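A.B. asks: Show me the folded form of this:
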Amino acid sequence: IARFTIEGNVRKDDHGIKVAVGLNDTRSGIRIWSDMHRCDMEAAHLISFQEQVARVITAKIAGETGIITRALSIESKKVPPSELQTYQAMLRYYEFNAQFTAPTFLKALEALEQATAREPECGLAWSMLARLYAVNQALELFDRPTPLEEARTFAERGVQLEPANQRARMILSFAQLLQSDIAAALSEAGRALALNPNALISRDHIGYLMTLCGDWDRGPALIQKVIRLNPYYSANVHHVLWVDFVRQNDDERAFLETLNFRTPTLFWEPLMKAAALGLLGRIDEGQQAVGDLLKLKPDFPASGLRLMRYFIKFEDILDRIIAGLRRCGLEIA
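C.D. replies: Residues are numbered from 1 along each chain as shown. Here you go, the predicted structure:
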């Protein structure tokens, strides 16, 4: 018996067609999510409307931070680490992605280390462990050694075991990017896209990788298309759109992208704002953002260049970011 079921109904009124859809948990008998979509009655719009609704519902329900993942992650919290099944270990990975806290990181790390030891042929478990290592190293989130060399080794193992897994290839691309192996990272991102070019859930992440690798045509175009089609896209894409606008010397649009990058626990949010405001000459506001940055990362004047280089791979862009920070009074060693 299916754990989750989707119910929907279609109604016609004076304004067109209205589609109501809901997700039910058959175990509890509770409707855990619902949504509404509208379209006019013109025949030319109906097919595209049907396709768009299907894509949006899939993204909201089945995405990495989707409704089903969140519901199951809550249940996995009750299971001791030694008793976790591999799938439950993966749910702890999704929980960390949603919360980005030290407790969820450490629980996910422990669970995935045990899962890969217990079930070493599960490629996705290796890939998820790789991403935990890579993210922690590049953002210096938590006091736990997670070398990029090991992250890449785990990611390569994940792809070897599951070469047709789109997520595994995206994670390998991410590890390669952080190690500045740009050609390999861009190639791997292209392979991930080719596995399922129409997957709305993953195109924003692939566009993110391509943009940071310097594919200024395909990367931003993928992201902009996902933003139009999927209201539940990852807010992280605004980081790389910001990078692209800094590259183009379009500082006003770069600043506007910072307003949509909603990650208040990460130092990148105030960093982006401070640099953009500095480049715009809005020094007072930029100095406030610098203050926020230093609260999150007090050692940023000494560590900032190294941390930025994990993600910013082009010196002309990096120079403009540093110039914007300097105008707001932040000197980078």
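A.B. asks: Now do the strands in the stretch 201-333 of the chain.
C.D. replies: Ranges of strands within the stretch 201-333 of the chain: none, based on DSSP state E, counting those that start in this stretch.
A.B. asks: for the stretch 1-150 of the chain, same thing?
C.D. replies: Under the criterion DSSP E, counting those that start in this stretch, the stretch 1-150 of the chain contains strands at 4-13, 16-25, 30-39.
A.B. asks: strands paired with the last one, and their directions?
C.D. replies: For strand 30-39, the paired strands and their directions (DSSP bridges) are strand 16-25 (antiparallel).
A.B. asks: avg pLDDT for the partner strand?
C.D. replies: Mean pLDDT, strand 16-25: 78.
A.B. asks: List the residues that contact residue 164.
C.D. replies: Applying Cβ atoms under 8 Å, 6 or more residues apart in numbering, we find residue 164 in contact with residue 195. Heads up, the C-betas are built off the backbone N, CA and C, glycines and all.
A.B. asks: From residue 298, how far out is it?
C.D. replies: 44 Å (Cβ to Cβ, to the nearest Å).
A.B. asks: related to what we said a few turns ago, mind putting the strands of the stretch 1-150 of the chain into TSV with mean neighbour count and distance to residue 329?
C.D. replies: Below are the strands of the stretch 1-150 of the chain laid out as TSV (neighbours: other Cβ atoms under 10 Å; distance: least, Cβ to Cβ, whole Å):
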stretch	mean neighbour count	distance to residue 329
strand 4-13	11	52
strand 16-25	17	50
strand 30-39	14	46
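A.B. asks: is it possible to export those strands to TSV including distance to residue 102?
C.D. replies: Output for those, formatted as TSV (distance: least, Cβ to Cβ, whole Å):
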stretch	distance to residue 102
strand 4-13	30
strand 16-25	30
strand 30-39	28
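A.B. asks: closest to residue 139 out of these?
C.D. replies: Distance to residue 139, taken as Cβ to Cβ, is lowest for strand 30-39 among those, at 30.3 Å.
A.B. asks: Output the closest one as PDB - backbone C-alpha positions only.
C.D. replies: Extracted C-alpha coordinates of strand 30-39, given in PDB (Å, rounded to 0.1, in the frame of the first residue of the first chain):
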ATOM      1  CA  ILE A  30      -3.900  13.500   7.300                       C
ATOM      2  CA  ARG A  31      -3.700  15.700   4.300                       C
ATOM      3  CA  ILE A  32      -0.200  17.100   4.700                       C
ATOM      4  CA  TRP A  33      -0.100  19.500   1.700                       C
ATOM      5  CA  SER A  34      -2.500  21.200  -0.800                       C
ATOM      6  CA  ASP A  35      -2.200  23.700  -3.600                       C
ATOM      7  CA  MET A  36      -4.300  25.400  -6.200                       C
ATOM      8  CA  HIS A  37      -3.600  26.300  -9.900                       C
ATOM      9  CA  ARG A  38      -5.700  28.300 -12.400                       C
ATOM     10  CA  CYS A  39      -5.700  28.600 -16.200                       C
END
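A.B. asks: So in the protein, where's the weakest helix or strand by average pLDDT?
C.D. replies: Of the helices and strands making up the chain, the lowest-confidence element is helix 67-76, at a mean of 56, by mean pLDDT, DSSP states H and E.
A.B. asks: For residue 322, which of the strands of the stretch 1-150 of the chain is the nearest?
C.D. replies: Here strand 30-39 is closest among the strands of the stretch 1-150 of the chain (Cβ to Cβ), at 43.7 Å.
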